[in-house]
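Colleague: Take this sequence and fold it.
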Amino acid sequence: MQSQRAALRRNVTGWSFSALYVAFLLVFGLIPVIYAIYESLHLALAPGQWSFNNYVTVFTDFRFLPAVVNVLTFMVIWIPVMVFGTLLLALLLHERASRATGALRLVYFLPGAVTGSAAVMLWYFMLSPELSPFAPALEAFGWETNNDMFSESNLPWIFALVAFITGVGQWILIMFGSLQSIPTEVLEAARIDGAGPIRTALSVKLPLVGKYVAYMVILSFAGALQIFVEPSLFYSITKAGSSWWSLNQLGYSFAFAQGDFGMSATVSVVLLVISILAAMILVFRTNFFQTEVDD
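Modeller: Presented below is the predicted three-dimensional model:
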């Protein structure tokens, strides 16, 4: 009887801690998703009719495929750089842990304090050959004017640079914390077996923090798929790219340039489905939910 009461108290305590999160998830997560799906299945001129015409119209729109290519190009550049750059810096920080480690973590994290529109303006100033204090170096690479720098082919690289600098700091802290959780006995055993720093990193550390890497890839993929601020602001400043360079921008154009919120909701649903499918592949193809080490 007492054990049943204790189990009931634990369950009540657990649900009470998660109740607020569940409430926020419903209000700001599930309900907007359901409403977006509802909107995507209704035409703007015939709100009472159910139809998949919005999806057909979006997929056949002349802007859709270029936006997909732009986002994919950005993702191919940014995600590998983010993952490998974060792992490399976190492993170096963990391998050479010292009194300066705290200061280095602060240095890595500081660029992330400037995000969003402020980061875009900062990097526009730094990359503009007409304004940057590094103009001689930029001109040495052939970028003498803003048109040279902010060309269509350079935009994915510029967006990847901005996203990496602003986002790498927090992921380094997360990865460093996960590396700190590795038992010292495991690392000492690897050293006794003759494993050097590189072998230890590849064969011991990385496998033990694989869940965190998968988590980073999932969130990086979702963030890259929804890129909006960088291309929007660079377009408004330099007219580089277009007002529908990314899929999120295309959805914004449908809603606020054409007044068709059903089409905008369709783009949102497409992004949601792609993110869920990618997350499911990563989660179920890795040991993300594994809680015990197999014997």
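Colleague: The longest helix belonging to the chain: which residues count as buried?
Modeller: Secondary structure of the chain per DSSP state H: the longest helix is helix 64-95. Buried residues in helix 64-95, counted by 16 or more other CB atoms under 10 Å: 64, 67-68, 70-71, 73-75, 77-79, 81-83, 86-87, 89-91, 93-94. (Each C-beta comes from the backbone N, C-alpha and C, glycine too.)
Colleague: just stretch 196-207 next, same as before
Modeller: Buried residues in stretch 196-207 (16+ other CB under 10 Å): 200-201, 204-205.
Colleague: okay, it in PDB with CA atoms only?
Modeller: Coordinates of each C-alpha in stretch 196-207 appear next as PDB, following Å, rounded to 0.1, in the frame of the first residue of the first chain:
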ATOM      1  CA  GLY A 196      46.600   9.200 -28.400                       C
ATOM      2  CA  PRO A 197      44.400  12.300 -28.400                       C
ATOM      3  CA  ILE A 198      43.100  11.700 -31.900                       C
ATOM      4  CA  ARG A 199      42.400   8.000 -31.400                       C
ATOM      5  CA  THR A 200      40.700   8.800 -28.100                       C
ATOM      6  CA  ALA A 201      38.600  11.500 -29.600                       C
ATOM      7  CA  LEU A 202      37.500   9.300 -32.600                       C
ATOM      8  CA  SER A 203      37.000   6.000 -30.700                       C
ATOM      9  CA  VAL A 204      36.000   7.000 -27.200                       C
ATOM     10  CA  LYS A 205      34.700  10.500 -26.900                       C
ATOM     11  CA  LEU A 206      32.700  10.900 -30.100                       C
ATOM     12  CA  PRO A 207      30.800   7.600 -29.700                       C
END
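Colleague: Let me know whether residue 149 touches residue 126 as I believe.
Modeller: No - judged on CB atoms under 8 Å, residue 149 makes no contact with residue 126 at a distance of 10.5 Å.
Colleague: So which of the two has more stuff around it?
Modeller: Per other CB atoms under 10 Å, whichever of residue 149 and residue 126 has more neighbours is residue 149, with 21 against 15.
Colleague: Residue 266: what's it in contact with?
Modeller: Going by CB atoms under 8 Å, 6 or more residues apart in numbering, residue 266 touches 40, 54-55, 57-58, 254.
Colleague: from those, which two are the most distant?
Modeller: 55 and 254 (12.5 Å; CB to CB).
Colleague: Look at those two and report which has more neighbours.
Modeller: Counted by other CB under 10 Å, residue 55 and residue 254 do not tie: residue 254 has more neighbours, with 26 against 16.
Colleague: where does that one sit relative to residue 87, distance-wise?
Modeller: Separation of residue 254 from residue 87 (CB to CB, to the nearest Å): 38 Å.
Colleague: my read is residue 182 is in a strand, agree?
Modeller: No - using DSSP: H, G, I helix; E, B strand; the rest coil, the secondary structure at residue 182 is coil, not a strand.
Colleague: And for it, the neighbour number?
Modeller: Using other CB under 10 Å, residue 182 has 15 other residues around it.
Colleague: Give me the neighbour count for the residue lying closest to it once chain neighbours are set aside.
Modeller: Residue nearest to residue 182 in three dimensions, not counting chain neighbours: residue 208, with 5.4 Å by CB to CB, 6 or more residues apart in numbering. When neighbours are defined as other CB under 10 Å, residue 208 has 17 of them.
Colleague: what do you get for residue 220?
Modeller: If we define neighbours as other CB under 10 Å, then residue 220 has 21 of them.
Colleague: For the chain, give me the ranges with low pLDDT.
Modeller: Flagging of the chain using pLDDT under 70 yields the residue ranges 1-8, 10, 44-49, 97-102, 105, 287-295.
Colleague: Could you pull out the helices in the stretch 151-295 of the chain for me?
Modeller: 155-180, 184-192, 197-200, 206-208, 210-225, 229-238, 247-256, 261-284 (DSSP state H, counting those that start in this stretch).
Colleague: could I get those helices as a markdown table with distance to residue 27?
Modeller: A markdown table is the format used below for the helices of the stretch 151-295 of the chain (distance: least, CB to CB, whole Å):
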| stretch | distance to residue 27 |
| --- | --- |
| helix 155-180 | 26 |
| helix 184-192 | 43 |
| helix 197-200 | 46 |
| helix 206-208 | 37 |
| helix 210-225 | 20 |
| helix 229-238 | 24 |
| helix 247-256 | 21 |
| helix 261-284 | 17 |
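Colleague: Nearest to residue 111, out of these?
Modeller: helix 155-180 (4.9 Å).
Colleague: Can you name every helix or strand that that closest one contacts?
Modeller: Under the contact criterion of 3 or more CB pairs under 8 Å, 6 or more residues apart in numbering; DSSP states H and E, helix 155-180 touches helix 64-95, helix 101-109, helix 116-127, helix 210-225, helix 229-238.
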